[in-house]
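> model the following, please.
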Amino acid sequence: MRRKRFTFALICTLCSSMWLSTVHAEKVSDFEMQTSATESANSTFTVTLKGKDIQDLYAYEAKFNFDPKVLEIVKAETKIKGFSVSPIVKNNEITIAHTKIGNVNGEKGNLDIATITFKAKRAGTTAVKWTALKVLDRNLKDQEFTPNQSSTFTKIFSDIVSHWAKQDIMEMVTKGIVEGMDADSFAPNNNITRAQFAALIARALDLTEGSGSNPFTDVKSGVWYEDTLKKAYAAGIISGLSKTKFAPEKSITREEMTTMLMRAKAYASGVKVDSMASDSTTAFKDDSKISPWAKASVEFALKSGLMKGRTQTTFAPKESATRAESAVVIKRLLNSK
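Numbers count the residues shown, from 1 in each chain. Below is the predicted model:
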């Protein structure tokens, strides 16, 4: 029998030779879906379908929606004796089905109907939605339900489980703005380069104007960040260390990051940078280390909440910004739009 046939046709074929009782199943009272974990560094998690006050469950078919780019189904299992159809995946829908065999009673009471194991292909948050359930009693009398229940799961990077920026990092990962170093690690405390941070801003603001000329001689044609830097330069968000040098591979300092953020905020708000000058002053012990060209940006960013000190008493303007800090400030930028 072909695997992609409508699964309930298979169930009815298996049941057609049974001796049918005259007793009809009562209406099933309740179904729910539970997940083994909502967040984990482990890629796999399970979704369990539960029935409450079941009167006569002989066979079932369940359908789910999911994102096949993020999740893959590993297996579907049940403790109910009988025959299961292997999970059928078509586009973003999964169908599972099971039937008891022979002249036997259906299941009763509170029970786990099925457990489905999923594997997250990459970090981020995704959902499994239970969209439909069809059940048959031992007389092949059917009932259909529309559960519309969802379970979310967040695959987190193993190196940010206890990190202070975990929530912000994962939110930006789920939105497709920041990425991990690989499927399992983010390297939150690594430095981020000037080109990489410009790329984050370009994604966050969905910059589209990138057809202009490239004024920087150290941004070679064909490198991955060439178009990104064109977009950010055209939007007035980046400038070079000189008229012809951008230093794309240089780790960005916290004051350079702050200046880019202020320009990005001005671009998103449709105002000129000069109009966003703050009349507040900073009170960090290392204020004197903030470059004169960055002073206004730092004051504005602190007052608006885009930036905070590295500690309660220091801003650390000349220190390199980390990947974790970049994710946090990009989230603040998006929330301030």
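
> which residues of the chain fall in strands?
In the chain, the strands defined using DSSP state E lie at 30-35, 39-40, 44-57, 59-65, 71-77, 83-90, 93-99, 107-120, 124-136, 142-145, 149-155.

> name every strand pairing with the shortest one and say which way it goes.
For strand 39-40, sheet partners with direction are given as strand 149-155 (parallel), following DSSP bridges.

> about what we covered before: from the strands of the chain, which stretch is densest packed?
With neighbours defined as mean count of other C-beta atoms under 10 Å, the strands of the chain peak in mean count at strand 59-65, which reaches a mean of 23. Where you see a C-beta, it was placed from the backbone N, CA and C, and this is true even at glycine.

> run through who's touching that strand.
Contact partners of strand 59-65, identified using C-beta atoms under 8 Å, 6 or more residues apart in numbering, comprise 7-8, 11, 15, 47, 49, 82, 92-100, 113-114, 116, 128-136.

> okay, the angle between that strand and strand 93-99?
An angle of 170 degrees separates the directions of strand 59-65 and strand 93-99 when computed by axes from the mean of the first three to the mean of the last three C-alpha atoms, to 10 degrees.

> average pLDDT for strand 59-65?
Taken as a whole, strand 59-65 has a mean pLDDT of 97.

> so what are the sheet partners of that strand and their directions?
Based on DSSP bridges, the strands next to strand 59-65 in the sheet, each with its direction, are strand 93-99 (antiparallel), strand 124-136 (antiparallel).

> and the ones you listed as CSV, adding mean pLDDT?
Compiled in CSV, those are given as follows (pLDDT from 0 to 100):
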stretch, mean pLDDT
strand 93-99, 98
strand 124-136, 96
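
> as CSV, these with distance to residue 30 would be great.
Output for the strands paired with strand 59-65, formatted as CSV (distance: least, C-beta to C-beta, whole Å):
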stretch, distance to residue 30
strand 93-99, 19
strand 124-136, 11
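
> what are the ranges of the helices in this protein?
Using DSSP state H, the helices of the chain run over 7-15, 166-174, 194-205, 226-234, 254-269, 292-304, 323-336.

> correct me, but residue 49 touches residue 130?
Yes: between residue 49 and residue 130 a contact is recorded at 7.2 Å, counting by C-beta atoms under 8 Å.

> got any ranges where the chain has weak pLDDT?
Low-confidence regions of the chain, defined by pLDDT under 70, span residues 1-29, 209-212, 277-281, 337.

> tell me the domain ranges of it?
7-154, 158-336 (automatic domain parsing).

> got the end-to-end distance for the longest one?
The first and last residues of domain 158-336 sit 29 Å apart, counting by C-alpha to C-alpha, to the nearest Å.

> list the contacts of the residue nearest to residue 272 when sequence neighbours are not counted.
The spatial neighbour of residue 272 that comes closest, neighbours along the chain excluded (C-beta to C-beta, 6 or more residues apart in numbering), is residue 266 at 6.4 Å. With contacts defined as C-beta under 8 Å, 6+ apart, the neighbours of residue 266 are 236, 272, 273, 275, 276.

> I'd like to know which of those residues are buried.
Applying a neighbour-count criterion of 16 or more other C-beta atoms under 10 Å, the buried members of the contacts of residue 266 are 273, 276.

> list just the nearest of the contacts of residue 266 to residue 164.
Nearest to residue 164 out of the contacts of residue 266 is residue 276 (C-beta to C-beta; 28.1 Å).

> roughly how far does residue 166 sit from residue 42?
15 Å (C-beta to C-beta, to the nearest Å).

> who has more neighbours out of those two?
Between residue 166 and residue 42, counted using other C-beta atoms under 10 Å, the more crowded position is residue 166 (20 against 13).

> now residue 314, nearest residue through space, not along the chain?
Sequence neighbours aside, residue 286 is the residue nearest to residue 314 in space, at 5.0 Å (criterion: C-beta to C-beta, 6+ apart).

> ditto for residue 144
Residue nearest to residue 144 in three dimensions, not counting chain neighbours: residue 134, with 5.1 Å by C-beta to C-beta, 6+ apart.
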